[in-house]
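# compute the structure for the input listed below.
(one chain, ligands or ions: 1)
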Amino acid sequence: MLSNSLIELDRAHLVHPVSSFHGHEQQGVRVLTSAKGATVTDAQGRQLVDGFAGLWCVNAGYGHDSIVEAAARQMRELPYATAYFGMGSESAIRLAAELAERAPGDLDHVYFTLGGSDAVDSTVRFIRYYWFAKSQPQRDQFISVEQGYHGSSTVGAGLTALPNFHAGFGIPFDWQHKIPSPYPYRNPVGQDPQAIINASLTALKAKIEEVGADRVAAFYMEPIQGSGGVIVPPKGWMKAIRNLCKEYGILFVADEVITGFGRTGPLFACTEDEVVPDFMTTAKGLTSGYVPMGAVFMADHVYQVIADGAGASAVGHGYTYSAHPVSAAVGLEVLKLYEGGLLENGIKAGARLMAGLESLKDHPLVGEVRGRGMLAAVELVTDKIAKTPLPAESVPARRVFDRAWDNGLIIRAFANGILGYAPPLCCTEADIDAIIERTKKTLDQTL
Ligand code: PLP
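Numbers count the residues shown, from 1 in each chain. Coordinates of the predicted model:
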């Protein structure tokens, strides 16, 4: 049972990320106490299906003893080793090699971070270093996509295009530019895939010309926009954009922090569009959330330019916990689990999830159902023809989230009336059916 003293301690001392401080003080905290598979237990003893895998990260699901043992073994043998100054640990070296072997194209070099934000941040630093090394230091402008999310580090938040990550912080983001999201449900050009791709190409060309083709350093995108509301671009979109960047000589970064590690089916979503980026950022599913870790994949041609540019000097970028041996040991074990059946199960469970959510399409509140693999969204509207978004004040996202919780389901309820789903890949048929049935109940109560 959740004690009042714990609630009070939380109110008084724990600052919650991406939360209304005062709102949280009033609502109090929801505490989880244990978990197994796709089911979590809260402090009231209520069992819930975790339809969001923590924060789209516990891809393998909860309670894998082999992951715990891998971490414990590494902690006993060597709990820490720096990767600075050319030092290292066996687990980090092996994980880098295993990942490089599976990454698309020549993404042969892996730089480990602590999570996604610092992975994105690291790419910005490496990209600037790259252009200095290429004697083009004036390439200091970056382009990304409206509704995109690339973390909340001081630099990465600039690439993020969600208003409350900018408003009130007063940090200059004049080096970053946006093109519209290829949001099929709400795209002014309609839902035809080729029209959406053409519109994005035109917008990107115009943006590059406006900024100056010799000023643009890189373009960032997510294969599926996660925090913007699980926005799925048409097939071929990523490839067309990637090719345009190549034509202009602009580096292309695929942010796979959410989509990586089986979330959409394969290990990396960019392979679904046959795209080889210059950089790929990952985190979350890399260690399945058991311990923190992110990874930047760097193409060989980029790595060589940076290496040659530095010569005998150190490339001055790193974290004390880069390539942490315990995180790497966990990463190696998680990779084994993915390839030992979890990816396959995720594909089957994802098909069941999509079919189940599609069955809710006729519900009066459901405007659209979309997704790929174990990543999905239900967009709620008050008028299906006009696609009128659910007004935030009449049905606040928090209320939908709370109702789902009371019905034994954790989902993400975005402020704009979009429900997000990213369950663990280990979900059984019964787990998926529970997600659907509890979603329906929640929607009926929301009417
Ligand atoms: N990039 C994307 C696409 C993300 O979705 C996230 C987090 O959700 C990040 C970067 C930031 O990752 P982290 O929260 O691990 O710093």
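# neighbours around residue 344, how many?
Neighbours of residue 344 under the rule other Cβ atoms under 10 Å: 14. (Glycine included, C-beta is placed from N, CA and C.)
# SS state for it?
Look at residue 344: counting by DSSP: H, G, I helix; E, B strand; the rest coil, its state is helix.
# so how far is the ligand from it?
Plainly put, residue 344 is 24 Å away from the ligand if you go by Cβ to the nearest ligand atom, to the nearest Å.
# next one: residue 251
Noted for residue 251: a distance of 17 Å to the ligand, by Cβ to the nearest ligand atom.
# may I have the beta-bridge partners of that residue?
residue 218 (DSSP bridges).
# does residue 33 sit in a helix, a strand or a coil?
Quick answer, by three-state DSSP: residue 33 is strand.
# what does residue 48 give?
strand.
# all numbers from here: first residue = 822
New numbering, starting at 822: the last item is residue 869.
# tell me the pLDDT of it.
On the pLDDT scale, residue 869 is placed at 98.
# wait, doesn't it sit right on residue 859?
No - with contact defined as Cβ atoms under 8 Å, residue 869 does not count as touching residue 859 (9.5 Å).
# which one of these two is surrounded by more residues?
residue 859 (27 against 22).
# isn't the more buried one right up against residue 1246?
No - look at residue 859 against residue 1246 with Cβ under 8 Å: they stay out of range, at 9.1 Å.
# which neighbours do these two share?
The contact sets of residue 859 and residue 1246 overlap at residue 882 (Cβ atoms under 8 Å, 6 or more residues apart in numbering).
# what residue in this structure is the furthest from its centre?
Distance from the C-alpha centroid of the chain, by Cα atoms, centre = their mean, peaks at residue 1133 (35.6 Å).
# in the stretch 1022-1171 of the chain, what residue lies closest to the ligand?
residue 1078 (3.5 Å; Cβ to the nearest ligand atom).
# and that residue, that one's in a helix?
No - according to three-state DSSP, residue 1078 belongs to no helix; its state is coil.
# for it, which non-adjacent residue is spatially closest?
residue 937 (3.7 Å; Cβ to Cβ, 6 or more residues apart in numbering).
# helix/strand/coil for residue 963?
strand.
# that one: neighbour count?
27.
# same check on residue 1047?
As a burial measure, residue 1047 scores 24 neighbours (other Cβ under 10 Å).
# that one against residue 877, yeah?
Yes - here residue 1047 lies in contact with residue 877, judged by Cβ under 8 Å, at a distance of 6.4 Å.
# and for residue 952, the neighbour number?
Number of residues near residue 952 (other Cβ under 10 Å) recorded here: 20.
# tell me the secondary structure for residue 958?
Under three-state DSSP, residue 958 comes out as coil.
# which residues does it contact?
residue 952.
# and it, how far from the ligand?
Residue 958 is 26 Å from the ligand, by Cβ to the nearest ligand atom.
# please report how far that residue lies from residue 1137.
For residue 958, the distance to residue 1137 (Cβ to Cβ, to the nearest Å) stands at 16 Å.
# so what's the closest residue to the ligand within the chain up against?
Residue of the chain nearest the ligand, by Cβ to the nearest ligand atom: residue 937 (2.2 Å). Contact analysis of residue 937 by Cβ under 8 Å, 6+ apart lists 971-972, 1076, 1078, 1102-1105, 1115.
# swap in residue 1208?
Counting by Cβ under 8 Å, 6+ apart, residue 1208 makes contact with 1006-1007, 1188, 1202.
# how about those, which pair is most distant?
1007 and 1202 (10.4 Å; Cβ to Cβ).
# quick check: residue 1163 touching residue 1246?
Yes - contact criterion Cβ under 8 Å: residue 1163 and residue 1246 qualify, at 4.7 Å.
# between those two, who's got more neighbours?
Between residue 1163 and residue 1246, counting by other Cβ under 10 Å, residue 1246 is the more crowded of the two (31 against 24).
# got the contact list for that one?
Counted by Cβ under 8 Å, 6+ apart, residue 1246 has contacts 880-882, 1083-1084, 1159, 1163-1164, 1166-1167, 1170, 1195.
# hmm, try it at 7 Å
Taking Cβ atoms under 7 Å, 6 or more residues apart in numbering as the criterion, residue 1246 is in contact with 880-882, 1083, 1163-1164, 1166-1167, 1170, 1195.
# common neighbours of residue 1047 and residue 877, please.
In contact with both residue 1047 and residue 877: residue 1079, using Cβ under 7 Å, 6+ apart.
# the ligand contacts on this protein?
Residues of the chain found near the ligand (Cβ under 6 Å from any ligand atom) are 936-938, 941, 970-972, 1043, 1047-1048, 1076, 1078-1079, 1104.
# again, only this time at 5 Å
Taking Cβ under 5 Å from any ligand atom as the contact definition, the chain meets the ligand at 936-938, 970-972, 1043, 1047, 1076, 1078-1079, 1104.
# what's the farthest-apart pair in the residues you listed?
Spatially, the most separated pair among the residues of the chain next to the ligand is 936 and 1043, at 15.6 Å (Cβ to Cβ).
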